[in-house]
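**Q** Give me coordinates for this.
(3 chains)
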Amino acid sequence: MNTFHIGGVHPNDNKRYSAHQPIIECPLPQKAIVPLAQHIGAPAQPVVEKGQKVKVGDLLAKAGGFVSANVHSPVSGTVTKIDTTTDAWGMKMPAVFIDVEGDEWAEGIDRTPEIIRSCEIDPKEIIDRIAAAGVVGLGGACFPTQVKLLPPPGKKAEVLIVNGVECEPYLTCDHQLMLEHGEEIMIGIQLLMRALGIQRAIIGIEKNKPDAIAHMQELASRTLGVEVKALKMKYPQGGEKQLIDACIGRQVPSGALPIEVGAVVDNVATIYAVYEAVQKHKPLVSRVMTITGKSVQKPGNYMVRFGTPLSEVVELAGGVPEDTGKIIGGGPMMGRAMNNIDMPAHKRTSGLLFLPEAESRRIEPENCIRCGKCVSACPMGLEPYLLSKQAELQMWEDMEKHDVMDCIDCGCCLFTCPSHRPLLDYIRMGKGKVGGIIRARQAAAQKK
Amino acid sequence: MNLILISLLVLGITGLVAAILLYLIAQKFKVEEDPRIDQVQDVLPGANCGGCGFAGCRALAEACVKADTLDDLLCPVGGAPTMEKVGAILGLAAVASDPKVAVVRCNGTCEARPRTSEYNGARSCQIMNSLYVGETACPFGCLGCGDCVAACQFGALSMDEKTGLPVVDEEKCTSCGKCVKACPRNIIELRKKGPKGRRMVVECVNKDKGAIARKACLNACIGCGKCQKECAFEAITIENNVAYIDFEKCRLCRKCETACPTGAIHAVNFPPRKPAEPKATTEEQPKKEEAQA
Amino acid sequence: MKNLIVAPAPHAHSGDSVRKNMLLVIVALLPAYLVSVLMFGWGALITALISIVACMGAEWLIAKFVLKEQPTIGDCSALLTGLLLAFNLPSNLPWWIVVIGAVVAIGVGKMSFGGLGQNPFNPALVGRVFLLISFPVQMTTWPRPLGFSGAYVDAETGATPLYYLKQVTKHSDLAAMEKLPQLWDAFIGMMGGSLGEVCALALLVGGLFLICARVITWHIPVSILATMAVFALLTTPEGVCPWNYTALTLLTGGAMLGAFFMATDYVTSPMVGWGKIIFGVGIGLIVMVIRTWGAYPEGMSFAILIMNATVPLLNKIRPKRFGEKKK
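**A** Predicted coordinates:
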């Protein structure tokens, strides 16, 4: 069975809490707060004013650059203000505040459950519709999708790789989406293949989701050029570079983009959003979120409109459990612990994980015993023990020489360290510093 | 006897030859260096802290010897006395500069600034600052992990267990500026020590609007402007909702301290207030003027 | 609501710990230890107990009163060092020599560098080699394996197979071949030697357990044993069956113990695959050079200590990076 070739770890997948829970529609909030930066790249520029009436799907903010994405209103109502709100880590972010009135959708959006199979649209039109709908990568990074569909000159895409791996423990939203909306995803894949002008697509799914593999395989057998690859379970298989390695056995060179080896990677949730944007003219205003955890009363998968405060979503799942010590936005390996749940849901919130207090604290670090487990776990073939020491000693040049910029933040090193050393904490900090140094150098070189 | 003679002779000749060779080589590869560099280096403190902006004491010494004036060169550790000695060696006039000291501009003690979360990652302000607002709701204040303490080479900084804030030992602080660079929130400032070490400091850098700042921390500067109105010397400016006291203009009258509703303004190194307040302030003024003259 | 705990990702951990690794190694050593108790009797029990207690005590005292820090004997690394040191000692060694060895192992070999993870040399071997040089007579007087009846100090003693093997190689004394144990006896441990190194079978079981439990990787043991085997095959004296000679080389002395348990010590071995293999090959070569031409009949301790010194250099070998271009 296929998998990627370097490093990796095997965390307990803990998907049993929310797996196979049907997707439930979350009720609309009273007041919606829609952040303007829900993606990587430049924040969107607001195009509405205070007091303006908006319908669901109306443009709230326009993409603020090439790497940026439109933001649409997820609710209908009146814009009360455009201000900043506090995100889940306590930082400020710009947002549009809307008082919700009813649920009126903008014209031209097809809300019927009917599946539109014909995809005889001009490739350029597909890309335009995706860009207009503000579709971003829903796997975690939130990179604007249309940018990926426009390969830089001289590069040609050969294969579309569909990420149905969901290697992050606990999360089940992609799994459930494949089970419930497999057919739409398959049409979305065809649309993307058309937009890219390619004949081949591979769906990678880890073998802990046998029903999803069977379902997608059945659908793929009726679709030309699409194949499903069952992958061995190993974290971080959902990482873009690891998934390409697992699916087609090619390794993206250091510092390059997947297009270098002819691959374009998109998550299944993104592809579902592509289907809705192209076939149904529906902008990205909601996503499936997994609310899960050992003590959560009703763990499950919820379709949430952006702008709904997370605290309201949690109420659906039975409220915050008593014993909660840590709330993580996303999965336990790469998700970020939150210090409040008043933040609204947006394109990046793939799930909420409630960890009991007993599992929330790290164990005190001990001396490094040079066991080299972090080295063998690192999926990028780096030396985490060394990088973390260099970051502690602020040896930025040495970190750059040891390819710290290749680090994908997967957390395997910290996961595996028997001495519980905060390896990734330091490496991440060093990566930020080195990245800044490299950008400054490039800027200086450009001036010359 | 013969044996001893021979050994002595052999050893003596070997030594002599080696000495001559060494001398010749030393002559050939001699590096002409200004002897004053060594002299200057001798009067420098030798801490190699880098506070002067050069790689170490030797580098500063070289720069001093090359320079035409000592205007831009200062050893922050040795301060004016050291620079005077350097000036004496080089025959240049040393610029008199007032000694400085590191000042922590945050007074968000554990009591005043309620914790809103518990940070459990690596103990480093840098790391905490890159991911979170910190353990309190104040996005500007001290994070309390002690990056500044770790950066200080002179042991002048320590964390106060009770307040959770770093404390500067003014005796040990050499104002090298390492802590200023280490603090990711830029709350440490090098300020002039002032006469008898007395100075007025706004110990807060919270740029949020008053209500938000106050909610995060009882001791926050809320930018109300009361101190500005009270100040007779226009020493206080308010920018981005934070007051700042200009050292040069401040006459140490301490009126702003009493005017501040949140207690963000601190009078440092003053004797405890006497019952008759106005007298105390009038006593201060002439002293300050003397110091400035 | 209570204050939430925040920390950077990841929020999960494999559950691995220093203590767990140390305990697994100790468990892997138990079969060999049981055999040695059966072979050498009370001597094996007493020597190991003294060594362990002395190692843990030395670590606790040094951490507490010299380094003035919280002692970390809870991680069981001192326990393991004590056990490994005992494995490298003859079972009839006077108790005070054992204590000296333990103090040198922990004090000089480990704590003087700053404790766990900082030491460049394997502490147990530092202790062992110190004793070997300081007390050569006591350290090379091995009791015969007589079953559990043997007494502690007054055990009947005799030469080890390695002594005879040396006679064969160095002095071409083919008659010594006769005095060597049969292969099967050597395999199950019916021969003289340090208390833990005699039973190749038990050590092999323990070593394979460690590899299966992913405490160690195959690289170091396999490269050491393979190098030794190849070397022995190539240098077999004339008139001796090369296979028999090679097998005896691997089964006698500290070969198994060294390859699986001493050389694979985390702190003092390289981290990356190729580094480990070079490390193992180096040890194999040095052992065979010492065994064949050196003054000592056995050279495992010296070989490992010498290669320990090369570890910082071997750690410069970088792992294969993702997307690295093939040259």
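**Q** what about the stretch 1-150 of chain B, any weak spots by pLDDT?
**A** Counting by pLDDT under 70, the stretch 1-150 of chain B has low-confidence residues at B:95-97.
**Q** List the contacts of residue 13.
**A** Because you didn't say which chain, this covers chain A. The contact partners of residue A:13, taken as C-beta atoms under 8 Å, 6 or more residues apart in numbering or on different chains, are A:169-170, A:208, A:233. In this view, the C-beta of every residue, glycine as well, is placed from N, C-alpha and C.
**Q** if we go to 7 Å?
**A** A:169, A:208 (C-beta atoms under 7 Å, 6 or more residues apart in numbering or on different chains).
**Q** and the gap between it and chain B?
**A** Remark: distance between residue A:13 and chain B (C-beta to the nearest C-beta, to the nearest Å) = 24 Å.
**Q** how close does that residue sit to chain C?
**A** According to C-beta to the nearest C-beta, residue A:13 and chain C sit 11 Å apart.
**Q** Does the spatially most central residue of chain B fall in a helix, a strand, or a coil region?
**A** Most central in chain B under C-alpha atoms, centre = their mean is residue B:175, positioned 2.3 Å from the mean C-alpha point. Following DSSP: H, G, I helix; E, B strand; the rest coil, we place residue B:175 in the coil state.
**Q** same deal with residue C:193?
**A** coil.
**Q** Next up, the contacts around residue 3.
**A** Picking chain A for this. Contacts for residue A:3 were tallied using C-beta under 7 Å, 6+ apart; they are A:231-232, A:234, A:237, A:246.
**Q** And for the residue nearest to the residue nearest to the centre of chain B when sequence neighbours are not counted, the neighbour number?
**A** Excluding the flanking residues, the one nearest residue B:175 by C-beta to C-beta, 6 or more residues apart in numbering or on different chains is residue B:100, at 4.0 Å. Neighbours of residue B:100 under the rule other C-beta atoms under 10 Å in any protein chain shown: 21.
**Q** how about residue B:100, what does it touch?
**A** B:76, B:175, B:190-193.
**Q** Output the below-cut-off pLDDT ranges for chain C.
**A** C:1, C:146-159, C:325-327.
**Q** Contact residues of it facing chain A?
**A** Within chain C, the positions adjacent to chain A are C:1, C:4-14, C:16-18, C:20-21, C:75, C:115-118, C:266-267, C:271-272, C:318-323, C:325 by C-beta under 7 Å from any C-beta of the partner chain.
**Q** do that again at 8 Å, thanks
**A** C:1-14, C:16-18, C:20-21, C:72, C:75, C:77, C:115-118, C:217, C:266-267, C:270-272, C:318-325 (C-beta under 8 Å from any C-beta of the partner chain).
**Q** show me where the stretch 151-300 of chain C has strands.
**A** Secondary structure of the stretch 151-300 of chain C (DSSP state E, counting those that start in this stretch): strands at C:157-158.
**Q** just the helices in it please.
**A** C:161-171, C:176-179, C:183-188, C:200-212, C:219-234, C:242-251, C:255-257, C:273-293, C:300-308 (DSSP state H, counting those that start in this stretch).
**Q** Any idea which of those gets closest to residue B:228?
**A** Residue B:228 lies closest, by C-beta to C-beta, to one member of these: helix C:273-293, at 65.7 Å.
**Q** list the helices and strands that closest one packs on?
**A** helix C:161-171, helix C:219-234, helix C:300-308, helix C:311-314 (3 or more C-beta pairs under 8 Å, 6 or more residues apart in numbering or on different chains; DSSP states H and E).
**Q** need these in TSV with mean neighbour count, can you?
**A** Shown next, in TSV, are the helices and strands packed on helix C:273-293 (neighbours: other C-beta atoms under 10 Å in any protein chain shown):
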stretch	mean neighbour count
helix C:161-171	20
helix C:219-234	20
helix C:300-308	24
helix C:311-314	15
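**Q** check which helix or strand covers residue A:60.
**A** Residue A:60 is located in strand A:59-62, with elements delineated by DSSP states H and E.
**Q** correction: residue A:160
**A** Under the assignment here (DSSP H and E), residue A:160 is part of strand A:159-163.
**Q** Would you mind pulling the contact partners of that strand?
**A** Contacts of strand A:159-163 (C-beta under 8 Å, 6+ apart): A:139, A:174, A:185, A:189, A:192-193, A:196, A:198, A:200-204, A:238, A:240, A:243-244, A:247-248, A:258, A:262-268, A:271.
**Q** swap in stretch A:388-397?
**A** Contacts of stretch A:388-397 (C-beta under 8 Å, 6+ apart): A:368, A:398-399, A:402, A:404, A:413, A:421-427, A:429-430, A:433-434, A:437.
**Q** Quick check: end-to-end length of that stretch?
**A** 13 Å (C-alpha to C-alpha, to the nearest Å).
**Q** Let me see the domain layout of the chain.
**A** Using chain A. Structural domains annotated on chain A: A:15-21+A:111-279, A:373-447, as defined by automatic domain parsing.
**Q** wrong chain, I was asking about chain C
**A** According to automatic domain parsing, the ranges for chain C are C:20-139, C:158-314.
**Q** which non-adjacent residue is nearest the residue of the stretch 51-200 of chain C found nearest chain A?
**A** As assessed by C-beta to the nearest C-beta, chain A sits closest to residue C:117 within the stretch 51-200 of chain C, at 3.7 Å. Excluding the flanking residues, the one nearest residue C:117 by C-beta to C-beta, 6+ apart is residue A:367, at 3.7 Å.
**Q** go on, residue C:52?
**A** Leaving aside its chain neighbours, residue C:52 sits nearest to residue C:82 (3.5 Å; criterion: C-beta to C-beta, 6+ apart).
**Q** Quick check, that neighbour in contact with residue C:59.
**A** No: if you go by C-beta atoms under 8 Å, residue C:82 and residue C:59 don't touch, sitting 9.2 Å apart.
**Q** Please list only the buried members of the contacts of stretch A:388-397.
**A** Neighbour counting with 16 or more other C-beta atoms under 10 Å in any protein chain shown marks A:368, A:398-399, A:402, A:404, A:413, A:421-427, A:429-430, A:433-434 as buried within the contacts of stretch A:388-397.
**Q** So which of those belong to helices?
**A** Within the buried ones among the contacts of stretch A:388-397, residues falling in helices by DSSP state H are A:398-399, A:413, A:423-427, A:429-430, A:433-434.
**Q** Of these, which ones also sit close to chain C?
**A** The subset of those within reach of chain C, by C-beta under 8 Å from any C-beta, is A:424-425.
**Q** Spell out the residue ranges of the strands in the stretch 1-150 of chain B.
**A** Counting by DSSP E, counting those that start in this stretch, the strands of the stretch 1-150 of chain B are B:100-104, B:117-119.
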